[in-house]
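> I'll drop the sequence and a predicted model, then ask my questions.
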Amino acid sequence: MNIKIGQYIAGDSILHKLDPRIKIMSMILLIIAIFLVPINIELKNIISMGLLFVFSLSIVYLSGIPLGKVLQGLKAIVFLMTFTFIIQLFTIQPTDEPTLMDAPMTLGLISMIALVLLTIFYHYMKTKIKWRITWFFIYVVLIFVVQWLIRMYVPMYDFGFSLDYNFKIFPSGLIRGGFIFLRIIAVMVIASLLTYTTSTIELNDGLESLMKPLRIIKIPTYIFSMMISLTLRSIPTLLVETDKIMKAQTSRGADFNESTLRQKIGQIIALLIPVFVISFDRADDLSNAMEARGYIIGEPRTKLDVYKINYKDIIILSVVILIIAGLLVTRFAI
Amino acid sequence: MDIQFKEVGYAYKGFKELYHAIKNINLTIDEDGEFIAVIGQTGSGKSTLVQHLNALMRPTSGKINILGTELPSKKKIKVNHLRQKVGLVFQFPEYQLFEINILKDVEFGPSNFKETKPHALEYAKEALNIVGIDESLYEESPFRISGGQMRRVAIAGILAMKPHILVLDEPTRGLDPQGKDDMMDMFYDIHKKENKTIVMISHDMDVVAKYAKRIIVLDKGQIVFDGPKENLFTHKDFDKFHLDYPTPMKVLNHLHKTLGYPKKLVLTNEALLKHLREVAK
């Protein structure tokens, strides 16, 4: 299992000790702040975006979690981010701006072959290189360099069929692409920091207490929070049980690796039904155990942890509010 | 043909360092006629060890030869056929049931191993007969029978594959004393009649003393004893194995301490009685 986001790393930093309610609120406010910065080429926006980005990286330092680990959690979306960036470069083509770069390129039979070879080379080298993300970026750049080289230096580049185009980069395209890139990273870093530094119990307590106002309009928030915590609690149990059943069925000849697609469908039933039965059994046991310990839905309960807001919480929250206020002022007042 | 372990180890990545579930395991298990009990404390690697017997887990170091197939091998090979030859019954096997009726569930194993439909049916009926499930229950849903019956059906599901070697992970766990005896007698019958090798994990020293011929003791992932059961209970390091004596031995040890009865290896109640009669004379 390689789920990085949503993992809790125990620690002793300011962020770990922060009141979960304050933490959740600050996270939401910060994400709002990041989306408040308008995307355009004006200097003040570039500065505020840059500052927000640096700020989100510096709270990683506050949390005591190595920056590398946080960035590793972003691996899964690197492809998506790069893709959006390139799409931005291609689609933003204003007429009234000078180009930053104007390179003739071609996509034809020869360049296709070259790109396939490049991809093979990329996958081959991938297993041997340590800096995979950097290598991926180099690969993306190379895709365009290859097209350009073939257009410029191969005389017969339009052999067979070819699609010639000019790859133009405009400042606003670059800025927009970069903005979105930074925005995604900053939001992901902040969101993953919340889960890295908050245990599920705290998270749940925080959510429950933040949802309290909803009780006025008769929404049973205590049920939601209990549901969330029970769901989170049962994930590891279910994973263990699934693994056991999978092994048991494999022992009966249902090998999930060595069978054809048609066999696999039958085997998934052999996996799903036992897991279903087990989860109902467990849920039944759990509800009995809860009732045996006096749990009644909606009755007031005492909590293991009582959260008190202290000066650190207030400082953090005021910093975040200041950031938002500053952004609003620069956006609308100046 | 047999199962051979050479310097086998299995390690997985813990929070920081590698955790060795088993290490330096050297072992030979014959295809016929053995009745082996694997014992040891919780977490000593018993389950990990038996899961290597049918290639469910692959060793991270060392080599295993399962009935002529070398693991891990350099080539990518299919190992599914090994699971037909070495039938593994997990702890609480009743949870693996899923079909709409008992007969179909037992057929699942043999039909996975490409048995024809009539053959699979025949094997299933045979296996259900061995475990003592009545014919009237064949069309019943496996979720509507009692817990003890469910376990029997699940075991029949493995027996129907006609394995050469039967591996049992705590087959008597959670059963009442009567059910325990019935279950073990059934396995002993299979062992006697077909001369089939049985490898069994157990925490119940009475069961071990009564049925097993050879005992393997694991401690912290390593084999600390491997030999006939008679040698184990008289072994000079027995106290270091963190094991319990079977009940007849406990009774005799107590009599030895309080009344000064002479010590002797007694593994069954009958042997204890015989010994006491001799002493009384």
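Sure thing, it's come through.

> what's the distance between the residue nearest the centre of chain A and residue A:172?
For chain A, the residue nearest the mean C-alpha position is residue A:188 (4.8 Å; C-alpha atoms, centre = their mean). Residue A:188 sits 24 Å away from residue A:172, going by C-beta to C-beta, to the nearest Å. Every residue, glycine included, has its C-beta placed from N, CA and C.

> same thing with residue B:99?
63 Å.

> please apply the same query to residue B:61.
Distance of residue B:61 to residue A:172, given as C-beta to C-beta: 58 Å.

> circling back: ok, for the residue nearest to the centre of chain A, nearest residue in space, not its chain neighbours?
Excluding its sequence neighbours, the residue lying closest to residue A:188 (C-beta to C-beta, 6 or more residues apart in numbering or on different chains) is residue A:74, at 5.4 Å.

> for residue A:184, see how far away the one you found is.
The separation that residue A:74 has from residue A:184, given C-beta to C-beta, amounts to 8 Å.

> and if you look at residue A:85?
Residue A:85 sits at a distance of 10 Å from residue A:184 (criterion: C-beta to C-beta).

> so which strand or helix has the residue in chain A that chain B sits nearest to?
Closest residue of chain A to chain B, C-beta to the nearest C-beta: residue A:253 (3.0 Å). For residue A:253, there is no host helix or strand (DSSP states H and E).

> that one against residue B:80, yeah?
Yes: Residue A:253 lies in contact with residue B:80 (C-beta atoms under 8 Å); the separation is 6.3 Å.

> could you check which of those two is surrounded by more residues?
In this view residue A:253 and residue B:80 are compared by other C-beta atoms under 10 Å in any protein chain shown, and residue A:253 has more residues nearby, 24 against 17.

> quick one on the thing from earlier: quick check: neighbours shared by residue A:253 and residue B:80?
Contact criterion C-beta atoms under 8 Å, 6 or more residues apart in numbering or on different chains; residues shared by residue A:253 and residue B:80: residue B:113.

> burial measure for residue B:112, as a count.
Applying other C-beta under 10 Å, we find 24 residues neighbouring residue B:112.

> quick one: the closest residue to residue A:39 other than its chain neighbours and residue A:47, what's the gap?
Among residues not flanking residue A:39 along the chain, residue A:179 sits closest, at 4.7 Å (C-beta to C-beta, 6+ apart). Residue A:179 sits 12 Å away from residue A:47, taking C-beta to C-beta as the criterion.

> which one's more surrounded, the two?
Counting neighbours by other C-beta under 10 Å for residue A:179 and for residue A:47 shows that residue A:179 has the greater number, 20 against 12.

> Provide a list of residues in contact with the more buried one.
Residues near residue A:179 by C-beta under 8 Å, 6+ apart: A:37, A:39, A:49.

> would you mind writing the PyMOL command to select the buried ones in these?
Selection of buried members from the contacts of residue A:179 for PyMOL, criterion 16 or more other C-beta atoms under 10 Å in any protein chain shown:
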select buried, chain A and resi 37+39+49
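
> same for the helix or strand containing residue A:291, what does it pack against?
Assessed by DSSP H and E, residue A:291 sits inside helix A:261-292. Contacting helix A:261-292 under the criterion 3 or more C-beta pairs under 8 Å, 6 or more residues apart in numbering or on different chains; DSSP states H and E are the following elements: helix A:221-251.
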